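**Student:** here is my input; please provide its structure:
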Amino acid sequence: MARDTTKNGKAFEYACLEALRVEFSRSQRVSVIDSEQLHTAERCYLSLKSSTQSEMCKAASAMKRVLVRLEPKLRNCKDGDVLSLSLQSDERGQSGDVRDVLCMRVSATWEIGLSCKHNHSAVKHSRLAKDLDFGKKWAGCPCSPQYFAAVNPIFERLGRIRATARASGRVAIWRDIADKDTKVYLPVLDAFIEELKRIDRKLGGGLAPRLVHYLLGEKDFYKVIADDGSRSTRIEAYNLSGTLGEPSLGVKSLYGRQKLKLPTRIIEIRHKDGSNNTVELTCDRGWQFSLRIHNASSEIEPSLKFDIQLVSKLSSHASVNLDEPWREIDEEVSNMILDDVAESLRYREYLPLYSLRAACGVLGAGKAVEPEGWVKADGVGKLDKTMVVVHAEGDSMEPTIHDGDLCVVRKVGGGNYDDQIILAQRNDKSSDPELGGAYLLKKFIKKGDKTLLRSINCEYSDVAVARNNDITVVAYLHKVLNG
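**Tutor:** Numbers count the residues shown, from 1 in each chain. Coordinates of the predicted model:
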């Protein structure tokens with residue numbers, strides 16, 4: 001079971017990196033950094049059943065839809081700027097960096113990270129064992145001789161039980177210890193609680209912020225939690241140092257840049273009511289942790305493992321706390337795209353597929369751009385070379401157009417396109433609430449001498465166009481193919 005959990009976790013890391021690579025490769029240069037960690041994660045992903053891979057892709061796609069609203073620098077960049085993606089080694093987590101996936105722009109000295117969780121939300125899986133000094137590791141304050149005098153005999157006993165069983169060709173399993181709650185879990189947790197209190201006193205009441213830094217790491221990050229049960233992906237932002245959500249080229253994060261407030265003191269450490277294996281640690285500013293101790297495998301080992309959860313109301317300290325449902329349409333869209341088609345079928349049954357940015361180059365400036373693929377344009381009518389298919393980006397045009405929808409647009413030929421959905425390129429540097437950057441699908445609104453670009457989703461504000469040359473209307477929406 002533990003091996004399956006690890007394999008699925010690494011596979012989900014790979015699915016998240018791939019979702020980001022595919023999304024952003026449409027409009028910019030993306031480099032995936034080669035590493036052993038990447039190869040391991042890819043092998044884990046490829047070893048899964050195709051149905052499980054599909055579910056992970058849906059979970060990762062949901063993450064991507066939220067992340068582009070949170071991080072303008074992912075999509076909005078200068079021409080030629082490279083987005084680098086990588087997977088971190090497990091050793092980085094042990095040294096205080098909990099991020100699994102990194103997104104970086106070297107030229108801008110910018111990076112963000114994701115901590116990817118598959119069907120669990122634990123912040124840490126720390127161990128207790130004989131002579132293992134958790135105080136030094138967690139808070140920089142060594143454990144006392146009294147603590148080791150209390151726990152070492154328990155772990156030594158477990159080691160003897162395992163050694164005796166192995167010597168006789170057997171495997172000692174935990175369920176054979178009838179009194180493990182009272183003889184193992186409770187006395188270890190009693191010593192653990194008293195040691196935490198002693199360390200807090202020795203630090204002058206300063207254990208709380210050190211503990212949070214140990215559990216959450218020293219780097220800002222987004223936690224991405226795939227939940228198969230609810231078929232949704234949860235994204236939580238932990239903005240400890242204020243590095244998340246930086247604006248880019250005038251584009252701001254939709255959710256602001258609220259900095260996380262660390263706790264300053266511990267209020268209470270105690271056994272959870274009715275439980276023999278769980279400690280509750282409550283701090284000020286709404287922080288509360290649950291630390292459940294358990295055996296890491298069915299065979300008896302001379303150590304125990306913590307499952308540490310953040311159980312307080314997350315909105316009190318996580319800058320962003322969002323649940324994004326999975327979309328079943330992703331596979332349908334993928335199946336509509338062909339790598340290539342015969343010349344005789346182009347612009348007769350199939351249209352070329354581009355990103356918003358590439359489509360503006362093709363239809364607006366007449367650039368020769370290789371399409372991402374070809375899409376069968378059923379129900380569109382007669383096709384011609386003024387028409388292309390684009391990937392919709394973001395949720396600002398819901399419910400008419402969803403993120404990832406395939407939309408047929410036709411090059412404008414003059415005339416009035418008031419109240420139509422248009423593809424436009426913005427030429428100004430003003431702030432834009434839609435993370436689509438300079439290339440937008442919006443409703444064109446003319447009010448007297450004022451021009452507005454309007455979203456259908458009421459969560460987004462109108463974008464006012466100050467001068468006529470601030471935007472170039474390239475095309476108008478003809479049809480949503482998979483709507």
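**Student:** quickly list the domain ranges of the protein.
**Tutor:** 2-124+210-325, 335-480 (automatic domain parsing).
**Student:** redo those domains as CSV? Include mean pLDDT, mean neighbour count and distance to residue 161.
**Tutor:** Where C-beta positions appear, they are placed from N, C-alpha and C, glycine not excepted. Converted to CSV, the domains of the chain look like this (pLDDT from 0 to 100; neighbours: other Cβ atoms under 10 Å; distance: least, Cβ to Cβ, whole Å):
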stretch, mean pLDDT, mean neighbour count, distance to residue 161
domain 2-124+210-325, 88, 18, 5
domain 335-480, 82, 17, 55
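**Student:** to residue 139, which of those lies closest?
**Tutor:** domain 2-124+210-325 (4.4 Å; Cβ to Cβ).
**Student:** gap between that closest one and the chain center?
**Tutor:** 6 Å (Cα atoms, centre = their mean, to the nearest Å).
**Student:** check stretch 194-205 too.
**Tutor:** 35 Å.
**Student:** mean confidence for it?
**Tutor:** Averaging pLDDT along stretch 194-205 yields 97.
**Student:** can you list contacts of that stretch?
**Tutor:** With contacts defined as Cβ atoms under 8 Å, 6 or more residues apart in numbering, stretch 194-205 is touched by 134-135, 139, 141, 143-144, 146-147, 206-208, 210, 265-266, 269, 281.
**Student:** for the residue lying closest to residue 440 once chain neighbours are set aside, helix, strand, or coil?
**Tutor:** What sits nearest to residue 440 in space, not counting adjacent residues and going by Cβ to Cβ, 6 or more residues apart in numbering, is residue 424, at 5.4 Å. Secondary structure, DSSP: H, G, I helix; E, B strand; the rest coil: residue 424 is strand.
**Student:** go ahead and confirm residue 424 touches residue 474.
**Tutor:** Yes. Residue 424 lies in contact with residue 474 (Cβ atoms under 8 Å); the separation is 6.4 Å.
**Student:** tell me where this protein has helices.
**Tutor:** 2-25, 36-46, 50-70, 72-75, 90-94, 134-139, 145-167, 180, 186-202, 207-216, 329-336, 356-364 (DSSP state H).
**Student:** out of the ones you listed, which comes closest to residue 288?
**Tutor:** Of all the helices of the chain, helix 207-216 comes closest under Cβ to Cβ, at 11.3 Å.
**Student:** how far does that closest one sit from its chain's centre?
**Tutor:** Its chain's C-alpha centre and that of helix 207-216 lie 22 Å apart, by Cα atoms, centre = their mean.
**Student:** can you dump the C-alpha coordinates of that helix into PDB?
**Tutor:** Only the C-alpha atoms of helix 207-216 are listed here, as PDB (Å, rounded to 0.1, in the frame of the first residue of the first chain):
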ATOM      1  CA  LEU A 207       8.300  27.000  19.000                       C
ATOM      2  CA  ALA A 208       5.100  27.800  16.900                       C
ATOM      3  CA  PRO A 209       6.700  29.700  14.000                       C
ATOM      4  CA  ARG A 210       9.600  27.300  13.800                       C
ATOM      5  CA  LEU A 211       7.200  24.300  13.800                       C
ATOM      6  CA  VAL A 212       5.200  25.900  10.900                       C
ATOM      7  CA  HIS A 213       8.400  26.500   8.900                       C
ATOM      8  CA  TYR A 214       9.400  22.900   9.400                       C
ATOM      9  CA  LEU A 215       6.000  21.500   8.400                       C
ATOM     10  CA  LEU A 216       5.400  23.900   5.400                       C
END
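**Student:** what's the pLDDT at residue 483?
**Tutor:** pLDDT, residue 483: 57.
**Student:** nope, residue 333 is what I meant
**Tutor:** 66.
**Student:** which residues does the closest residue to residue 454 other than its chain neighbours contact?
**Tutor:** Closest residue to residue 454 apart from its sequence neighbours, by Cβ to Cβ, 6+ apart: residue 443 at 4.3 Å. Contacts for residue 443 (Cβ under 8 Å, 6+ apart) come out as 397, 419-422, 453-456.
**Student:** out of these, which are inside strands?
**Tutor:** 421-422, 453-454 (DSSP state E).
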